[in-house]
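Novice: Below is the sequence, then the predicted model.
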Amino acid sequence: MNTIRNAQVAIVTGASRGIGAAIARRLSTDGFAVVVNYASSSSEADALVAELNGAGGRAVAVKADVSKAAEVRRMFETAEQQLGKVDVLINNAGVIKPTPLADTSDELYDRTFDINVRGTFNTLREAAGRMNDGGRIINFSSTTVALNMPGYAIYSATKAAVETFTHVFAKELRGRNITVNAVAPGPVATALFFDGKTDEQIQHFAKMPPLERLGQPEDIASVVAFLASPAAAWVNGQVLRANGGLA
Ligand code: NAP
């Protein structure tokens, strides 16, 4: 919890719905002014911003496709102009379309790497020169990296790249007192997980963790809130697999 509400600034990419929206809500409750980033879902992002501001928080919606460097630069500029210099960056935006490697089109490969890897690269590069010392960066991997499931080669490869960014960037920021960590969720009940799955497949995934349920966006938001808090000051360069014990 920040002592002065809305004094510290957090950017949450892909915050119009799903895990990102839960993170924006939680960080706002914890006292951060929040940039709710989105690529196309403007009405959802605007509704979330109205909700956060109505509850005494300070939030702005900023449209930016994270795969485009110029849009990411503008997002940081808008954050600085409207809320202040950035303290926390949550690289949550991501896409998946489970497809066997042999059936993956060039377009699907490019889109998945552009958003998941280049998008994270773009925000990290921008953050390096712009974030306040003492800040927090939290990237998004996935437990699929540990499971090596058929159909997840491209997606898991993008998240493996994000894990490598996390380990190396934590060291490259030496002297800035900025921590860089990643969260790797298991299956979480969001559109990204439900899309294209049958009820039977959903039940199968829900039974996989020993805790025998799907994760909820709030389960992941509370892990992110911990990593963004002073309590996690000594956690750096780590990947935290939040998945109910799945792997
Ligand atoms: P989601 O419900 O599909 O939400 C994705 C969010 O990302 C949306 O707000 C979307 O906004 C935004 N987004 C997509 N492309 C973007 C782009 N190019 N630039 C900016 N924003 C963009 O997904 P989720 O389940 O919450 O997933 C969040 C993160 O957790 C992802 O990195 C995902 O890989 C990871 N993860 C999820 C699960 C799971 O089971 N759900 C498991 C492991 C890891 P627009 O609609 O405006 O594009």
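Specialist: Received it, and whenever you're ready, just let me know what you need.

Novice: The helix ranked longest in the chain close to the ligand?
Specialist: The helix that spans the most residues within the chain, counting by DSSP state H, is helix 153-172. No. Helix 153-172 does not reach the ligand (C-beta under 6 Å from any ligand atom); its nearest approach is 6.9 Å. Where you see a C-beta, it was placed from the backbone N, CA and C, and this is true even at glycine.

Novice: Which strands and helices lie in contact with that helix?
Specialist: helix 106-113, helix 119-130, strand 136-140, helix 144-147, strand 179-183 (3 or more C-beta pairs under 8 Å, 6 or more residues apart in numbering; DSSP states H and E).

Novice: ok, and what's touching the second one?
Specialist: Under the contact criterion C-beta atoms under 8 Å, 6 or more residues apart in numbering, helix 119-130 has outside partners 11, 13, 65-69, 72-73, 76, 80, 85-86, 89, 91, 93-94, 135, 137, 139-140, 162, 165, 169, 172-173.

Novice: now do stretch 219-236
Specialist: 1, 10, 19, 22-23, 25-27, 30, 32, 88, 90, 136, 138, 170, 179-181, 183, 185, 188, 240, 242.

Novice: Would you write a ChimeraX line that selects the buried entries of those residues?
Specialist: Remark: buried members of the contacts of stretch 219-236, expressed as a ChimeraX selection using 16 or more other C-beta atoms under 10 Å:
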select :10,19,22,23,25,26,27,30,32,88,90,136,138,170,179,180,181,183,185,188,240,242
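
Novice: show me the contacts for Ala50.
Specialist: Contact analysis of Ala50 by C-beta under 8 Å, 6+ apart lists nothing.

Novice: Ser8 - nearest residue in space that isn't next to it in sequence?
Specialist: Not quite, residue 8 is Gln, not Ser. Asp87 (4.3 Å; C-beta to C-beta, 6 or more residues apart in numbering).

Novice: residues near the one you found, how many?
Specialist: Residues lying near Asp87 (other C-beta atoms under 10 Å) number 22.

Novice: Hmm, it is touching Asn6, no?
Specialist: No. Look at Asp87 against Asn6 with C-beta atoms under 8 Å: they stay out of range, at 11.5 Å.

Novice: what sits in contact with each of the two?
Specialist: Phe32.

Novice: can you give me the strands for this protein?
Specialist: Assigned by DSSP state E, the strands in the chain fall at 8-12, 32-38, 59-63, 88-91, 136-140, 179-183, 239-240.

Novice: can you name the farthest residue from the center of the chain?
Specialist: Ala102 (28.3 Å; C-alpha atoms, centre = their mean).

Novice: Distance of that residue relative to Ile154?
Specialist: 11 Å (C-beta to C-beta, to the nearest Å).

Novice: Tell me which residues touch Ile138, please.
Specialist: Going by C-beta under 8 Å, 6+ apart, the list of residues near Ile138 reads Val88, Leu89, Ile90, Asn91, Val180, Asn181, Ala182, Val183, Val224, Leu227, Ala228.

Novice: in the sheet, who's paired with it?
Specialist: On the basis of DSSP bridges, Ile138 is bridged to Ile90, Asn181.

Novice: Quick one: residues contacting the residue nearest the centre of the chain.
Specialist: By C-alpha atoms, centre = their mean, the mean C-alpha position of the chain lies nearest to Asn92, the distance being 1.5 Å. Contacts for Asn92 (C-beta under 8 Å, 6+ apart) come out as Val12, Thr13, Gly14, Ala15, Ile19, Gly20, Ile23, Phe140.

Novice: hmm, try it at 10 Å
Specialist: Applying C-beta atoms under 10 Å, 6 or more residues apart in numbering to Asn92 gives the contacts 11-15, 18-24, 37, 66, 120, 138-140, 183, 220-221, 224.

Novice: With that, I have no additional questions.
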